[in-house]
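J.: what shape does this take:
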Amino acid sequence: MKKILIVDDKPSISRLIVQFLSKTFEVTTKEDGLQALSWLQEGNIPDLIITDLQMPNLDGFELISRVKESGFFRDIPIVVLSSKDSSTDRIKCLKMGAEDYLVKPFNPEELQIRIERILER
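T.: Sure thing, here's the model as predicted:
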């Protein structure tokens, strides 16, 4: 079963994604980029990361940057799920190496289809 890491400081969003994706994937949640990096550095390698941008301690931009700079984690696809519907943020994330960018509120079914497409590549 493929593993997905969700990084979002809002438990309601994480719960919704877990509820929707846990039928198909093994899902782990972390509340910010710092927790996510620690979890990765403990040897956990997800098949895909879903991250919010606005979080305490370490935001989504910094998380993307650190994951993509790392030799070990560089190839893990990242999907950004943010309430920021700004073209500038979308472009910044895609240039940093994110595979996709969805805006909240989102359709969980659309998220799942996008994840499946990314993981098929």
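J.: what segments of this structure are helices?
T.: 11-21, 33-41, 60-69, 87-96, 108-120 (DSSP state H).
J.: save these as TSV, and put in mean pLDDT too.
T.: Output for the helices of the chain, formatted as TSV (pLDDT from 0 to 100):
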stretch	mean pLDDT
helix 11-21	96
helix 33-41	98
helix 60-69	98
helix 87-96	97
helix 108-120	97
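J.: mean neighbour count added to those helices, as JSON lines?
T.: Just so you know, the C-beta spots here come from the backbone N, C-alpha and C atoms, and that holds for glycine as well. JSON lines is the format used below for the helices of the chain (neighbours: other Cβ atoms under 10 Å):
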{"stretch": "helix 11-21", "mean neighbour count": "16"}
{"stretch": "helix 33-41", "mean neighbour count": "19"}
{"stretch": "helix 60-69", "mean neighbour count": "19"}
{"stretch": "helix 87-96", "mean neighbour count": "14"}
{"stretch": "helix 108-120", "mean neighbour count": "14"}
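J.: any idea which of these gets closest to residue 77?
T.: Ranking the helices of the chain by proximity to residue 77 (Cβ to Cβ) places helix 108-120 first, at 4.9 Å.
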